[in-house]
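In: Any chance you could fold what I've pasted below:
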Amino acid sequence: AVDVAPNQDAPQPAARDRGAPAPAGGPTADVPPGPGADGPEIEIGFPLLDGVRSLDLIDPYRVFPEHLTALDGRRVRIAGFMAPFDSLDSMRRCMVVPRYVGCTFCSPPALNQVVFVEQGDLDGGAFPFVESVAVFSGTFRLSLPESDHGGSREGFIYTLEGAEAGGRAPRRPIEIELVEAERFRALVEDGGRASYPEATHGLRAGAFELLGLLPEGADWLESATEFELSRRVAIASGSEPRVLVFDSAPDRHPYTRLDIVGEIALLLARQHGALPVCTGFAASTSDDARRARDCVEQGYRAMAFRRFATAQGLPPGPAVPVEIVRRSSTPDFDLWQSMTRFCGYFFVRALIGDAGPLTDLAEELDALPRTTMEIFRPRWYLDPERWRPDPVPADFADDWLDTPPDLTDVLGVGGLFPFLRRWYAMEETLGYVSGWTGDRWAYWRLPDGRSKLLLEVRWRDEEAALLFRDAIPDGAGWSLEPHEDGSDRVRLSRAR
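Out: Numbering: from 1, shown residues only. Down below sits the predicted model:
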């Protein structure tokens, strides 16, 4: 399922309406008012249930804090693991707990960490056991002295009545298919061709050579493919509900399992519209905008498999299996490639948190971010008033040489970071790029066999521009155009 249980040891927000910000005040915050069981569904987590206190050793007399009494009779949603109550043959009556309880040596959860669940009608037939994380929705009931619902009669503190268990079932069954190395490589190459028009590969490789992100003579598609093959064992089909898995990857390795889960999550998200529709990204779209879109997908994928890993007791960041490890000859390019995964996870986590449902991501995203700066700084995405983008026009270099450039594109903060990271530590690099508002590079193949690149970067103010200008090391092969007083722009060029 796409929705998987969050880390139950992590701080949980107070109960809240879906899509609304968590109320201030932590777990004792007021629950938003709502019209009983017919009101909006409220997200809750197991830490929220800790507040009950017992005041009598003889009789089960308990005192509930206000934030729990406010939930009594409300529709809620909670993620957890099924545990049988009557039998495994039917889970119509079952329990939901924060952790998997199949281990003989594990202690059972405390009673205030168990929710008694009644699914459907008594004559509704068998309800299957779900071994992985499930999401339960139902009417929340407390066991008060006057209560006479099913959970109170069985001795439970909390009950979900009329519950439904699920997550996101696929609208079309998702198949797993093993493929041999040659076909898997071809699938990765097809993905690279879809992202970048093949006619631009040589020009783009030349530009990245001058930017210092690719070695001289490197092939664009081959470099991108080798990077992906050193990290991927599974690929979601773009046209069918199918995950294609490299047949030489060890099937029981945690990395393999999580990579497959991530691709299944993407397929489910596309089927159910959990991700915003990624339209309008034609070949003419800037590379920075395309990478910002990729960050959202990669962040969604990473959040899904990290939650799955936590639920299954797997390490969230296992090492790549030795069967697919490759020695890289393009470390700076690899850093550029990996930015979408690392920063995408950061962005998605900033928007929905560790416990928020992934199905709400589309609601949180009013529009896709158009720059990787918004991925680096999610609060700038959420509040566009915090910054003023100043994109460099596509024809900025048409008159710089005798002929217009052969190729031009936007590097973005996601490209400037690895560009500067060769010379500086991470914290310094982040400081240098923090005032970015726009950039564009232009690349020429000259008639005499040489090549030339011009990069213009625009900044929030003159101070940020001068900071970046001073960050370019002497002897690095870059020519800086003279600075004009008051200017927030930096132009630098390089030839080979």
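In: my guess is S248 meets E323, correct?
Out: Yes - taking contacts as CB atoms under 8 Å, S248 lies within contact range of E323: 5.5 Å. Any C-beta I mention is one placed from the backbone N, CA and C, and that applies to glycine too.
In: Enumerate residues external to stretch 403-412 that contact any of its residues.
Out: 200, 203-204, 207, 211, 286-289, 291-292, 371-373, 391-392, 394-398, 419, 436, 438-445, 454-455 (CB atoms under 8 Å, 6 or more residues apart in numbering).
In: Centre of the chain to that stretch, how far?
Out: Distance, stretch centre to chain centre, for stretch 403-412: 30 Å (CA atoms, centre = their mean, to the nearest Å).
In: One more: stretch 465-484?
Out: Using CA atoms, centre = their mean, the offset of stretch 465-484 from its chain centre is 35 Å.
In: Endpoints of it, how far apart?
Out: Distance between the boundary residues of stretch 465-484 (CA to CA, to the nearest Å) amounts to 11 Å.
In: That stretch: which residues count as buried?
Out: Residues of stretch 465-484 classed as buried by neighbour count (16 or more other CB atoms under 10 Å): A465, L467, F468, R469, A471, I472.
In: what's the answer for stretch 322-338, then?
Out: Neighbour-count burial for stretch 322-338 [16+ other CB under 10 Å]: I324, T330, D332, F333, D334, L335, W336, Q337.
In: same question, stretch 341-356
Out: By 16+ other CB under 10 Å, the buried positions in stretch 341-356 come out as 341, 343-356.
In: Just read off the phi/psi values of V457.
Out: For V457, the backbone dihedrals (degrees, to the nearest 10) come out as phi -120, psi 130.
In: Over to A218?
Out: Torsion angles, degrees, to the nearest 10, at A218: phi -70, psi 150.
In: give the contact list for it.
Out: Neighbouring residues of A218 by CB under 8 Å, 6+ apart: A205, F208, E209, T330, F333.
In: of those, closest to A269?
Out: Closest approach to A269 among the contacts of A218 (CB to CB): F333, at 28.2 Å.
In: So for that closest one, what's the pLDDT?
Out: Among the per-residue scores, F333 shows a pLDDT of 94.
In: Check A283 too.
Out: 44.
In: Likewise for R168?
Out: 55.
In: what about stretch 215-226, how long is it end to end?
Out: By CA to CA, the extent of stretch 215-226 from end to end equals 14 Å.
In: Give me the buried positions along that stretch.
Out: Residues A218, W220, L221, S223, A224, T225, E226 are the ones in stretch 215-226 that count as buried (16+ other CB under 10 Å).
In: So what's the model's average confidence on the one helix or strand V261 maps to?
Out: When elements are assigned from DSSP states H and E, V261 belongs to helix 254-272. Mean pLDDT, helix 254-272: 88.
In: repeat for stretch 226-239
Out: Mean predicted lDDT for stretch 226-239 stands at 90.
In: What residues sit buried inside that stretch?
Out: Going by neighbour count (16+ other CB under 10 Å), the buried part of stretch 226-239 is E226, F227, E228, L229, R231, R232, V233, A234, I235, A236.
In: I'd like the residues you listed laid out as JSON lines, including distance to L48 and secondary structure.
Out: Formatted as JSON lines, the buried residues of stretch 226-239 follow (distance: CB to CB, whole Å; DSSP: H, G, I helix; E, B strand; the rest coil):
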{"residue": "E226", "distance to L48": "47", "secondary structure": "helix"}
{"residue": "F227", "distance to L48": "42", "secondary structure": "helix"}
{"residue": "E228", "distance to L48": "41", "secondary structure": "helix"}
{"residue": "L229", "distance to L48": "44", "secondary structure": "helix"}
{"residue": "R231", "distance to L48": "37", "secondary structure": "coil"}
{"residue": "R232", "distance to L48": "38", "secondary structure": "coil"}
{"residue": "V233", "distance to L48": "37", "secondary structure": "coil"}
{"residue": "A234", "distance to L48": "35", "secondary structure": "strand"}
{"residue": "I235", "distance to L48": "39", "secondary structure": "strand"}
{"residue": "A236", "distance to L48": "34", "secondary structure": "strand"}
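In: Could I get the contacting residues of the spatially most central residue of the chain?
Out: Geometric centre of the chain, nearest residue: G299, 1.8 Å, by CA atoms, centre = their mean. Applying CB under 8 Å, 6+ apart to G299 gives the contacts C343, G344, Y345, F346, F347, V348, R349.
In: ok, longest helix in this structure?
Out: The single longest helix within the chain, with elements called by DSSP state H, is helix 287-312.
In: now it and helix 254-272, what's the angle there?
Out: Angle, helix 287-312 to helix 254-272, by axes from the mean of the first three to the mean of the last three CA atoms, to 10 degrees: 120 degrees.
In: wait, what's in contact with the closest residue to S54 other than its chain neighbours?
Out: Among residues not flanking S54 along the chain, R62 sits closest, at 5.3 Å (CB to CB, 6 or more residues apart in numbering). By CB under 8 Å, 6+ apart, the contact list for R62 reads V52, R53, S54, L55, S143, I157.
In: Go ahead and confirm the third one touches Y61.
Out: Think S54. Yes - under the criterion of CB under 8 Å, S54 makes contact with Y61 at 7.0 Å.
In: now the strands for the stretch 101-250 of the chain?
Out: Assignment of strands within the stretch 101-250 of the chain using DSSP state E, counting those that start in this stretch yields the ranges 115-119, 134-142, 158-166, 175-179, 234-236, 242-246.
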